[in-house]
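Novice: What follows is a predicted protein model with its sequence.
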Amino acid sequence: MSDDERRNKSWREIDRQKDSSKHTSRDRKSRKSQDKRSSAKYKRDLDKLFKSGEMPERFKEMMKGLEPEEGTPEAERKAAIDELRKADGFREFATAVSEYRKAGWTYPDDEDLLIRMLDHPDERVVRDALEHVADLAGRRGFDRVTPLKNRLSTIKTMSDDPRTRKAVAQVEEAIE
């Protein structure tokens with residue numbers, strides 16, 4: 001390209017010509033495909049975090065700075081939820097749930113824990129867990145619908161309490 005031709009072109013035309021080179025378009029395509037893969041993995045990791053409460057490796061480092069200060073109510077609640085997750089077996093879990101409730105903590109939004117709480121021997125715990133499930137399903141939906149429905153049918157056959165049956169109906173309505 002001669003100097004005269006270059007002088008007659010606007011900066012926009014020169015930039016457009018640079019952007020249309022084969023080298024640039026290949027880089028852009030590879031970056032775009034890499035971004036899509038990275039974005040899809042990031043979304044899967046976010047789903048894993050919010051649905052099951054499991055912390056993917058990429059977020060552990062970020063979360064260190066967000067951990068509640070030791071001794072605060074938030075830190076105590078987090079520790080209590082961790083104890084619920086660690087509880088093995090029916091009796092240990094039922095005891096951990098009872099202790100959690102005695103401490104006055106709000107129910108966690110962890111679907112696995114909530115479904116396990118529906119097996120608790122105290123019908124008040126079951127009813128409160130059902131109310132929280134209905135609220136959670138209304139706020140953001142509920143992914144573990146099949147195990148929840150199975151548990152709901154068992155609760156309906158086992159409970160004569162109209163308040164519990166009403167809570168079951170609210171959950172069924174919320175997940176439909």
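Specialist: Arrived safely.

Novice: Break the protein into its domains for me.
Specialist: 3-50, 73-175 (automatic domain parsing).

Novice: what's the most buried one of these?
Specialist: Greatest average neighbour count among the domains of the chain goes to domain 73-175 (a mean of 16), per mean count of other CB atoms under 10 Å. Where C-beta positions appear, they are placed from N, C-alpha and C, glycine not excepted.

Novice: And that domain, end to end?
Specialist: In domain 73-175, first residue to last residue: 31 Å (CA to CA, to the nearest Å).

Novice: mean confidence for it?
Specialist: What domain 73-175 shows for mean pLDDT is 94.

Novice: now that domain: how far from the chain's centre is it?
Specialist: The chain centre lies 16 Å from the centre of domain 73-175; the measure is CA atoms, centre = their mean, to the nearest Å.

Novice: ok, which stretches of this protein are helices?
Specialist: 3-8, 11-19, 22-52, 57-64, 73-86, 90-102, 111-117, 123-140, 145-158, 162-175 (DSSP state H).

Novice: residues contacting the most centrally placed residue in the chain?
Specialist: Nearest to the mean C-alpha position of the chain, counting by CA atoms, centre = their mean, stands Phe50 at 1.1 Å. For Phe50, the contact set (CB atoms under 8 Å, 6 or more residues apart in numbering) is empty.

Novice: pLDDT at it, what is it?
Specialist: 79.

Novice: ditto for Glu13
Specialist: 79.

Novice: sorry, back to before: for Phe59, which of the domains of the chain is the nearest?
Specialist: Nearest to Phe59 among the domains of the chain is domain 3-50; the distance by CB to CB comes to 6.1 Å.

Novice: can I get the domains of the chain in TSV with distance to Leu66?
Specialist: Shown next, in TSV, are the domains of the chain (distance: least, CB to CB, whole Å):
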stretch	distance to Leu66
domain 3-50	12
domain 73-175	10
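
Novice: Let me know which of those domains is the nearest to Glu57.
Specialist: Of all the domains of the chain, domain 3-50 comes closest under CB to CB, at 8.4 Å.

Novice: For the residue nearest to the centre of the chain, give its distance to Arg124.
Specialist: Distance, Phe50 to Arg124, using CB to CB, to the nearest Å: 28 Å.

Novice: so how far is Asn8 from Asp15?
Specialist: 15 Å.

Novice: That should have said Arg44, apologies.
Specialist: For Arg44 relative to Asn8 (CB to CB), the value is 52 Å.

Novice: what's the residue lying closest to Ala96 once chain neighbours are set aside in contact with, if anything?
Specialist: In space, and not counting its chain neighbours, Ala96 is closest to Ala87: 4.1 Å by CB to CB, 6 or more residues apart in numbering. By CB under 8 Å, 6+ apart, the residues touching Ala87 are Phe93, Thr95, Ala96.
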